[in-house]
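> Provided below are the primary sequence and the corresponding predicted coordinates.
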Amino acid sequence: MGWNRKVLRVNLTAGTCTEEALNMQWADEYLGSRGLATKYLVSEIDPRVDPLSPDNKMIMATGPLTGTMASTGGRYTVVTKGPLTGAIACSNSGGFFGAEMKFAGWDMVIFEGKSAKPVWLYIENDKAELRDASGLWGKSCWETEEKIKEQLQDPLVRISSIGVSGENQVLYSCIVNDLHRAAGRSGVGAVMGSKNLKAVAIRGTKGVSGIKDFGAFLKATNDAKKVLADNAVTGQGLPKYGTQVLMNVINEIGALPTRNHRDVQFEDASKISAEAMHEKRASDGKTHLVTNAACFGCTIACGRISEIDKTHFTVKNSPKYWGASGGLEYEAAWALGAANGVGDLEALQYANLICNEQGMDQISFGDTVGAVMELYDLGILTA
């Protein structure tokens, strides 16, 4: 399929970037970014390695369809030994970063060792170099992306970075790309922070090569897109409502995690649902949802772009949160909302933005807060 047959190995201890050939036997036997990167990881690390030690490795990988016109072809995967569970962490993200890696000519980037000082990696097609990130350390994901684009004078460069949570090795910190897409689970951001790696910026102009039978691939892709378009979920429900379409459905069947799973239905589920995101606010007559959005090459377009009510108590004195940005997905909405008994859509969007800005997994964060609330209710934790 669409392999470039190239791997970039970045030794952060030595400060080197080296090209090597992709193991095509493994690419055929361990299909997809997750399978292939996992094979590389288990072949190169001691399974007993401390996830936050220099001996752990972190792999950013694309799959055989990444960067092609196949729907959902924009995703990339981060594989490492995860600090949250001590098991193999596999966290994938949408947006445009994965496709850009493919366009630059790389299938995979393997990070090993630890830099003596904060650095970020810049890839421009065949060129790869580590740059000083001392001026970026302590900055949020949003600030980091803005400053790198300014430095490169390139608004189209694609960036994945960690926030302060990743620098401080919070066990549910994530890696954020395109401002509001994230490789979110299992603490991959903590591993990146442990290596003093702040960000990866990629600019690729090569396109995708290696498709063996382009005519057959084009037909299969078009056929698959038709199946998606004709399906009630991928052709209608997800484009209009996003993954948030699940909120009312799961609440009705009694399976919505509520108040740290002590309840299975949330009385305010309808107030934080996909349908609520379409309703006009009394304060300004606008809907919470601005539009849907698609990751690279995807015809489903289930992403949410939302805007908080500027008069809401969470943001009325914080103009930087007034613009349209990444909106609530179902998993974030129940973890930040139902799991904590919060039925305020605007407050959830604010918490969602803070997590994106600082590089924290909304699901693990919301669950953690819910657990703390229950422990307080039980008297185990006190004021």
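On my side now, so go ahead.
> Just say helix, strand or coil for the residue nearest the centre of the chain.
Residue closest to the mean C-alpha point of the chain, counted by CA atoms, centre = their mean, is residue 182 at 1.3 Å. Of the three states, residue 182 takes strand under DSSP: H, G, I helix; E, B strand; the rest coil.
> which ones are touching it?
Contacts for residue 182 were tallied using CB atoms under 8 Å, 6 or more residues apart in numbering; they are 93, 174, 175, 176, 356, 359, 361. For every residue, glycine as well, the C-beta is placed using N, CA and C.
> ok, what's across the strand from it?
residue 176 (DSSP bridges).
> so how many other residues sit close to the nearest residue to residue 225 once chain neighbours are set aside?
Nearest residue to residue 225, sequence neighbours excluded (CB to CB, 6 or more residues apart in numbering): residue 299, at 5.3 Å. When neighbours are defined as other CB atoms under 10 Å, residue 299 has 17 of them.
> wait, residue 299 sits on residue 229?
Yes: Residue 299 lies in contact with residue 229 (CB atoms under 8 Å); the separation is 6.7 Å.
> Tell me the pLDDT of residue 108.
Residue 108 is assigned a pLDDT of 98 by the prediction.
> I meant to write residue 31 there.
Taking residue 31 on its own, its pLDDT is 85.
> again with the one 3 residues further on
At residue 34 the predicted local distance difference test score is 95.
> which residues in the stretch 251-383 of the chain form strands?
289-293, 303-306, 325-326 (DSSP state E, counting those that start in this stretch).
> what residues are up against residue 161?
By CB under 8 Å, 6+ apart, the neighbours of residue 161 are 120, 136, 141, 144-145, 148, 175-177, 198-200, 359.
> domains of the protein?
By the assignment in automatic domain parsing, the chain contains the domains 6-203, 231-377.
> From these, pick the one with the highest average neighbour count.
domain 6-203 (a mean of 21; mean count of other CB atoms under 10 Å).
> Could you work out the end-to-end span of that domain for me?
Distance across domain 6-203, first residue to last, is 16 Å (CA to CA, to the nearest Å).
> thinking in terms of the whole chain, how far from its middle is it?
Distance, stretch centre to chain centre, for domain 6-203: 11 Å (CA atoms, centre = their mean, to the nearest Å).
> likewise stretch 218-237?
That offset, for stretch 218-237, works out to 24 Å (CA atoms, centre = their mean).
> what is the mean pLDDT for that stretch?
Rounded mean pLDDT across stretch 218-237 is 95.
> circling back to that earlier point, the strands of the stretch 251-383 of the chain into CSV, with extra columns for mean pLDDT and distance to residue 264?
Output for the strands of the stretch 251-383 of the chain, formatted as CSV (pLDDT from 0 to 100; distance: least, CB to CB, whole Å):
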stretch, mean pLDDT, distance to residue 264
strand 289-293, 95, 27
strand 303-306, 95, 25
strand 325-326, 94, 28
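> For residue 191, which of those strands is the nearest?
With respect to residue 191, and counting by CB to CB, the nearest of the strands of the stretch 251-383 of the chain is strand 325-326 at 23.1 Å.
> Parallel or antiparallel, list what pairs with the closest one.
Counting by DSSP bridges, strand 325-326 is paired with strand 303-306 (antiparallel).
> Could I get the contacts of residue 161 in a markdown table, plus columns for pLDDT and distance to residue 275?
Converted to a markdown table, these look like this (pLDDT from 0 to 100; distance: CB to CB, whole Å):
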| residue | pLDDT | distance to residue 275 |
| --- | --- | --- |
| 120 | 98 | 41 |
| 136 | 98 | 40 |
| 141 | 98 | 30 |
| 144 | 98 | 35 |
| 145 | 98 | 32 |
| 148 | 98 | 38 |
| 175 | 98 | 32 |
| 176 | 98 | 28 |
| 177 | 97 | 29 |
| 198 | 98 | 39 |
| 199 | 98 | 37 |
| 200 | 98 | 38 |
| 359 | 97 | 30 |
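> So which of those residues belong to helices?
Judged by DSSP state H, helices contain the following of those: 141, 144, 145, 148.
> can you map out the helices along this protein?
For the chain, the helices defined by DSSP H cover 24-29, 32-44, 97-103, 141-152, 164-167, 188-194, 214-230, 232, 238-241, 246-252, 274-277, 330-336, 345-358, 362-377.
> Go through the ones you listed and name the closest to residue 9.
Taking the helices of the chain one by one with CB to CB, helix 32-44 is closest: 10.0 Å.
> and that closest one, what other elements does it pack with?
Helices and strands touching helix 32-44, by 3 or more CB pairs under 8 Å, 6 or more residues apart in numbering; DSSP states H and E, are helix 24-29, strand 57-61, strand 76-81, strand 88-93, strand 108-112.
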